[in-house]
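Sequence first, then the predicted structure:
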Amino acid sequence: MSECIFCRIARGEIPAGIVYQDDDMLAFKDINPRARVHVLVIPRLHVASLEDIDESHDSLMARIMRRLPQIAREQGLETGFRTIINTGSGGGQEVFHLHVHLLGGGRLPGFG
Ligand code: 5GP
Ligand code: ZN
């Protein structure tokens, strides 16, 4: 069994404020929110980062991307949202299970 913290959240072993889940993915509240809404969207499948994506992940990645606007709307973000994917130590990635930061409401971190 993976000791990866996000795999453990996906398996229900560690509590998290889950706001959306299906067979492919999970969305839960970031433990240290940087905006009024700050949700992490992860594949259930353990993929460490974008560096590890290959053709076998094409449809999974597409399903995650297509789901983001729905998750944002359900969090009350009617006028839009920001997504950030940190990749590798040079990209500021701290948890090595691929995740999309979905942010919105008020001032947002990065890119003004
Ligand atoms: P990264 O820097 O890897 O892109 O982002 C990792 C994010 O995961 C951070 O924003 C951090 O606050 C969040 N995080 C780390 N550990 C946990 C946890 O155990 N539960 C939740 N909900 N978020 C976490
Ligand atoms: Zn994992």
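Noted; the coordinates are in hand. Ligands and ions are numbered 1, 2, ... in the order given.

tell me which residues in the top helix by length along the chain are buried?
The helix of greatest length in the chain, counted in residues with DSSP state H as the criterion, is given as helix 58-74. Residues of helix 58-74 classed as buried: Leu60, Met61, Ile64, Arg67, Leu68, Ile71, Ala72 (neighbour count, 16 or more other Cβ atoms under 10 Å). C-beta coordinates here come from the backbone N, C-alpha and C atoms, glycine included.

And for stretch 22-33?
Of the residues in stretch 22-33, those buried by neighbour count under the rule 16+ other Cβ under 10 Å are Met25, Leu26, Ala27, Phe28, Asp30.

next one: stretch 88-104
For stretch 88-104, the buried set under the neighbour-count rule, 16+ other Cβ under 10 Å, comprises Gln93, Phe96, His97, Leu98, His99, Val100, His101, Leu102, Leu103, Gly104.

and of those residues, the nearest to ligand 2?
Proximity of these to ligand 2, judged by Cβ to the ion, is greatest for His97, which lies at 3.4 Å.

So the closest one belongs to a helix, correct?
No. The assignment for His97 (DSSP: H, G, I helix; E, B strand; the rest coil) gives coil, which keeps it out of a helix.
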